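Student: Take a look and give me a structure for this.
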Amino acid sequence: MPNENLEKKAKEIAIKKFKLEKARIIPEIKEKKKSKWSPGLLKNIVNIEVRAADKSILTRFDEKTEEIIGWRYPNRSISSKVVKITKDEALDIAKSEVEIPNDAVFDTIDLLDRGSAGFIYFVKWNHYIDDIPVEGDFLSVKINPETKEVISVTKNWSVI
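Tutor: Below is the predicted model of the structure:
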């Protein structure tokens, strides 16, 4: 069970960032797990879903540092049939959403065609130390190319 401080942070993010008034924690979503992204990284991750009316946000925290390492809309369609923004515009949206670490190196921006599900922009930075990539470390942002809405952020970043 996550600590109360993380629950408070999750609620604050939901209310301030996503305008989810009267947000409440969904108890059955709370969980701890080892990081799947970096086999060598034994990071305790706490997922906390915050819901208000018909909207919800799944926030993800590093339990030890209490840093938010990601969020996503769990019940929202993440792709679009229409593309209304360019790659440069999508990159600007991604940069405005996240704080890019100093040791991040831009990797890619792709407009992914998900077939009948539609399109999504995927923007990614990788973690480098002294020009050496840190295996499994990345920062990614997914953007709906029609609404210009950021639909998820994932940060898997080791402190070295």
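Student: measure the residue sitting furthest away from the middle of the chain to Ala14 for me?
Tutor: Distance from the centre of the chain peaks at Asp130, with 25.9 Å (C-alpha atoms, centre = their mean). To Ala14, Asp130 is 38 Å away according to C-beta to C-beta, to the nearest Å. Every C-beta, even on glycine, is put in place using the N, C-alpha and C of the backbone.
Student: and if you look at Lys148?
Tutor: Going from Lys148 to Ala14 by C-beta to C-beta gives 21 Å.
Student: Just want to know which of these two has more residues nearby.
Tutor: For Lys148 versus Ala14, neighbours defined as other C-beta atoms under 10 Å are more numerous around Ala14 (26 against 15).
Student: Return the set of buried residues in the lengthiest helix in the chain.
Tutor: Within the chain, and with DSSP state H defining each element, the longest helix by residue count is helix 4-16. Residues of helix 4-16 classed as buried by neighbour count (16 or more other C-beta atoms under 10 Å): 6-7, 9-11, 13-14.
Student: That helix - contacts with which helices or strands?
Tutor: Secondary-structure packing of helix 4-16 (3 or more C-beta pairs under 8 Å, 6 or more residues apart in numbering; DSSP states H and E): strand 24-34, strand 44-52, strand 55-62, strand 68-72.
Student: among those, which is nearest Gly115?
Tutor: Evaluated with C-beta to C-beta, those place strand 68-72 nearest to Gly115, the distance being 20.6 Å.
Student: export that closest one as PDB, just CAs?
Tutor: The C-alpha atoms that make up strand 68-72 are tabulated as PDB, following Å, rounded to 0.1, in the frame of the first residue of the first chain:
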ATOM      1  CA  ILE A  68       6.600  11.000 -10.300                       C
ATOM      2  CA  ILE A  69       7.900   8.900 -13.100                       C
ATOM      3  CA  GLY A  70       4.900   8.800 -15.300                       C
ATOM      4  CA  TRP A  71       1.200   9.200 -15.900                       C
ATOM      5  CA  ARG A  72      -1.400   8.200 -18.500                       C
END
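Student: ok, then the element right after it?
Tutor: Tracing the chain past strand 68-72, the next element assigned as helix or strand by DSSP states H and E is helix 87-97.
Student: What is that following helix packed up against?
Tutor: With contacts defined as 3+ C-beta pairs under 8 Å, 6+ apart, the secondary structure elements packing on helix 87-97 are strand 104-113, strand 119-129, strand 132-143, strand 150-156.
Student: So what angle separates the directions of that helix and strand 119-129?
Tutor: Counting by axes from the mean of the first three to the mean of the last three C-alpha atoms, to 10 degrees, helix 87-97 points 60 degrees away from the direction of strand 119-129.
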